[in-house]
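A.B. asks: Following is a predicted model, sequence given first.
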Amino acid sequence: MLSEQSLNPRIGAALVVGGGIGGMQAALDLAAGGIKVYLVDSRPAIGGVMAQLDKTFPTNDCAMCTMAPRLVEIGRHRDIEILTLSDVQSIRGQPGNFHVTVKKRPRFVNETKCTGCGTCVANCPVRNDVQPLDVPRVELEPAYRDKVAEIVRRHRERHGPLMPILQEVNTAFNYFPASVLSYIAQETGYPFSHVYRIATFYNAFSVVPRGKFVINVCMGTTCYVRGSQRLMERFSDTLKIKPEETSPDLLFTLKAVRCIGCCGLAPAAMVGDTVYGKLTVKEVSGIANKYRGANGHGQTHAG
Amino acid sequence: MAARRIELMLCTGTGCVAGGAFRIKQALEEEIARHGLPDEVSLVATGCNGFCGQGPLLVALPEKIFYGWLKTEDIPFLVQEHFLKGRPVQKLMFTPPEKKEPIPLLGDIPFFNKQMLLVLRNKGLIDPEKIEDYLARDGYAALEKVLTSMSPEDVIEEITKSGLRGRGGAGFPTGVKWKVCRNELKTPKYVICNCDEGDPGAYMDRSVFESDPHAVIEGQTIAGYAIGAAHGYIYVRSEYPLAIKRMQIALDQAQEYGLLGENILGTGFSFDLEIREGSGAFVCGEETSLIHSIEGKSPEPRQRPPFPAQVGIWGCPTVINNVETLANVPIIVTRGAEWYSQIGTATSKGTKIFSLVGKINNTGLIEVPMGITLREIVYEIGGGIPGNKQFKAVQTGGPSGGCIPNSLIDLPIDYESLKEVGSMMGSGGMIVMDEDTCMVDVSKFFIQFTNDESCGKCTVCRDGSDALLEVLTRITEGQGMSGDMEFLEELGLAIKDGSMCGLGQTLPNPVLSTLKYFRDEYEAHITEKRCPAKVCKNLIAYWIDPQLCQACLICHRECPAESIYGEKQMVHVIDQNKCTKCGTCLDVCPPRFSAVKKLSGEPVPAVERGIKVERKKKPARPEQEKVQV
């Protein structure tokens, strides 16, 4: 019995959706097999993400060295037709015989004539007209207003104001409320995305509320070799929170810190500015209770 | 200040403060006052003494009698006996392990007498919060010499001749760096002091800040004069609150004395310094990251060249030097390049501070001439390994360094020799490991660290460290496969080649060096599913030896997982299915029984419940030794 497919003659053309490195290679392989290829990409140019990479994992090959020969070959290949700024609208049919509708988005340059000289870009009168969105000014909640405004005012005129501001705000509130970050961005003129990036890059900063007492268990090499991993586990059991978590009553945050430079006292932990050295697993609950009970008058501790 | 009969140098470095040095200080003051001795005995709160393992400690001048492990209870006795009656207290002196006789004098203690103090020349002798103390020890004499009798070119020439190399790790010649910066036409120029000491296990920079901050200020001011800068930054990590506080005090005092600021010493040269804090990112120790961090940009490194000496902070030529490098500068200027270059080896001049920590008897900071052998450091200064354990390796250079095995213990230490054996100088952490340290676990630890701290800019570093960590974790969990070691090597070399900054280029070092020297340990993990050091949790089991157990019920009570069966008179048994391998039972089992054992790579012998304990004769109680006074 003849299947439906074998009744329909195959058509000697293929459509490749997406002009990234994979799509490009597929198009070349198909074309090498004598098939006419349509290469569709929704962006203005083929190349995809790889064009933005410096090197690729795991071979460390230079991305452009991989891509460039393929780009040139595709551009030259008579059997490959590139459709940029185009979207696939519908696909009908079955393997061997598809009907695809491609919508080409409008463009204002005649591609067949353009030589890519760039004169139009240089002469376009509206190219630099940035039209900012209407962003409402950020107003801070009363709880933060005075303190944050004062910190920002003090550092705003400094060379490189962002770090000192963030550091002081972080010390004052133990974390960055979202509105405060927006406010800092607005007042310093940095884009919010940048301020957020800095606020999330450093270990000392947090964008979620942290406990009143941050317990930093040193995980430096010396402390690690001397068993700080077990201290951490015991803190975790005692406080019922995992490392990097905060207890629900906002009293404790447990953190692993990379060397507090008290290697002579290993294994060590630091709560606020107070260092506890030569700790044993047995002392852990005592420390937790001390802060839990009292309001935590930091006191030094003999090992 | 009138001369006193006895001067007490009480260490108040971070280590000793954590041990209660300030309470000791208060107790001493009270006792001295009570005995009416304030005119005869003076008390100085100094910076880090270096022998941190003995803290809190004090040194009594003029004889330099060393007292360690002080407790507040000891103070009344000490004051009465020694300072009042003149009889030094033996029981508080330093006694080397396995010996009986204490060593009273600081100069006789091997930990101290093998050292050579250049950078730390003032440690434990001055109050870091008093500029007068620093001045009394020829402080700022080098600055005066430079400003009044040397041209900037002379200074650079002198530093170049001395052979001083960057103490931050890579060992770039300091004089060359300064010269490049001096020759740049663009102004203004800047000097940055890098105290973002992120290497775990290294704390010499913190110690220098805490014990002798003015040496750094002086060195940095000289650097500023040499390259033609009028402004400098001191970048300190925020984990060092005491160092920041003392440095700020020192800056204010230097300003007050006209040694910093406008028109220094009336010579027309102006220079000022400002502290900037880090916020806990390891990558900020890399110079271009550090610059980005101060500028408030995202602290990722950038491609070099241009080097910071050409294009640095705010786009201006910038010299970035490590704390220790800058602290070397004044002494080179005062005593001359010739003298300095005689110390050390052919390529590495001067001294290096190491933090000797880990499984070693004498923990602390040591300053030794370049070219000293590891054996001298570990066995003579460090006093060997505690508990008669076997020395296994020394890890140098932090997460960028490697592990140096026992077989290379006679290696003379300098920049080149360390590099040759697959490690590096780094900032000077020296972590001693004994037979109880699992090398696979250690390299997993370092990769975890660098994986955490990778800024994510280069794919090889970001994803490569992930892949390394995955394989290492698998091996330590007993899921290792053949081919894993070859994979680690190949990937390690690829990461070295493909990363832009020092962090990525050196992060595979711990893995590669342990693979080179401790291949058998990897093999034991992968093929035999055994952890030779008995560290990796999935490969070990805790077991109570029925012959040794005396049914004291302690482990039964303390076990957090309630996995120990125990009754009076009955041998205790660990339920292997419930055991979480926390190790509590091993800790609490009284040493005279030592019934809890760790097993690895062998089946756990089954012990039935309800076996009666074999009572042993009680060992006679050792007679209490008479306390010698």
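C.D. replies: That came through, no problem.
A.B. asks: Work out which residue lies at the spatial centre of the chain.
C.D. replies: With no chain named, the answer covers chain A. A:Arg197 (8.3 Å; C-alpha atoms, centre = their mean).
A.B. asks: hm, I was asking about chain B
C.D. replies: B:Ala202 (2.9 Å).
A.B. asks: and residue 46, how many neighbours does it have?
C.D. replies: No chain was given, so I picked chain A. Using other C-beta atoms under 10 Å in any protein chain shown, A:Ile46 has 25 other residues around it. Using the backbone N, CA and C atoms, a C-beta is placed for each residue, glycine as well.
A.B. asks: that's the wrong chain, I wanted chain B
C.D. replies: Quick note: B:Thr46 (other C-beta under 10 Å) scores 26 neighbours.
A.B. asks: Please look at it and B:Cys11 and confirm they touch.
C.D. replies: Yes: using C-beta atoms under 8 Å, B:Thr46 is in contact with B:Cys11, at 5.9 Å.
A.B. asks: which residues sit in contact with the closest residue to A:Lys212 other than its chain neighbours?
C.D. replies: Closest residue to A:Lys212 apart from its sequence neighbours, by C-beta to C-beta, 6 or more residues apart in numbering or on different chains: A:Leu251 at 5.4 Å. Contact analysis of A:Leu251 by C-beta atoms under 8 Å, 6 or more residues apart in numbering or on different chains lists A:211-213, A:291-292.
A.B. asks: Kindly report the same for B:Gly169.
C.D. replies: Contact analysis of B:Gly169 by C-beta under 8 Å, 6+ apart lists B:322, B:397, B:400, B:424-427, B:502.
A.B. asks: got a pLDDT number for it?
C.D. replies: With respect to pLDDT, B:Gly169 has a value of 78.
A.B. asks: With adjacent residues omitted, what lies nearest to the closest residue to chain A within chain B?
C.D. replies: Nearest residue of chain B to chain A (C-beta to the nearest C-beta) works out as B:Cys52 at 2.6 Å. Spatial nearest neighbour of B:Cys52, chain neighbours left out: A:Gly264 (2.6 Å); criterion: C-beta to C-beta, 6+ apart.
A.B. asks: what's the answer for B:Gly344, then?
C.D. replies: B:Met370 (3.6 Å).
A.B. asks: hang on, that neighbour packs against B:Ile413?
C.D. replies: Yes: B:Met370 lies in contact with B:Ile413 (C-beta under 8 Å); the separation is 6.7 Å.
A.B. asks: Could you chop the chain up by domain?
C.D. replies: No chain specified, so I'll use chain A. A:12-108, A:142-201, A:213-293 (automatic domain parsing).
A.B. asks: Hmm, no, I was thinking of chain B.
C.D. replies: B:6-109, B:131-341, B:351-434, B:439-528, B:540-600.
A.B. asks: A:Phe176 is nearest to which of the ones you listed?
C.D. replies: domain B:131-341 (11.9 Å; C-beta to C-beta).
A.B. asks: Need the residues that contact the helix or strand of chain B with the lowest mean pLDDT.
C.D. replies: One helix or strand of chain B scores below all others by mean pLDDT, DSSP states H and E: helix B:14-18, with a mean of 84. Contact partners of helix B:14-18, identified using C-beta under 8 Å, 6+ apart, comprise A:261-262, A:264-265, A:268, A:274-277, A:300-301, A:303, B:10, B:48-49, B:52, B:55-57, B:203, B:206, B:210, B:240, B:242-243.
A.B. asks: What about those residues, which are in strands?
C.D. replies: Residues of the contacts of helix B:14-18 located in strands (DSSP state E): A:274-276, B:10.
A.B. asks: of these, closest to B:Trp339?
C.D. replies: The closest of those, once distances to B:Trp339 are taken by C-beta to C-beta, is B:Leu10, at 32.5 Å.
A.B. asks: Give me the nearest residue to that closest one, chain neighbours excluded.
C.D. replies: Among residues not flanking B:Leu10 along the chain, B:Leu58 sits closest, at 4.5 Å (C-beta to C-beta, 6+ apart).
A.B. asks: How about A:Ile21?
C.D. replies: Nearest to A:Ile21 is A:Met50, by C-beta to C-beta, 6+ apart, at 4.5 Å.
A.B. asks: ok, now B:Ile381?
C.D. replies: Closest to B:Ile381 by C-beta to C-beta, 6+ apart is B:Lys114, at 4.8 Å.
A.B. asks: Residue 27: what's it in contact with?
C.D. replies: No chain in the question, so chain A it is. A:16, A:19, A:37, A:39, A:74, A:80.
A.B. asks: Oops, wrong one, chain B.
C.D. replies: B:72, B:75-76.
A.B. asks: count of neighbours near residue 292?
C.D. replies: As the question left the chain open, I've gone with chain A. With other C-beta under 10 Å as criterion, A:Arg292 counts 16.
A.B. asks: think we crossed wires, I meant chain B
C.D. replies: B:His292 has 22 neighbours, counted by other C-beta under 10 Å.
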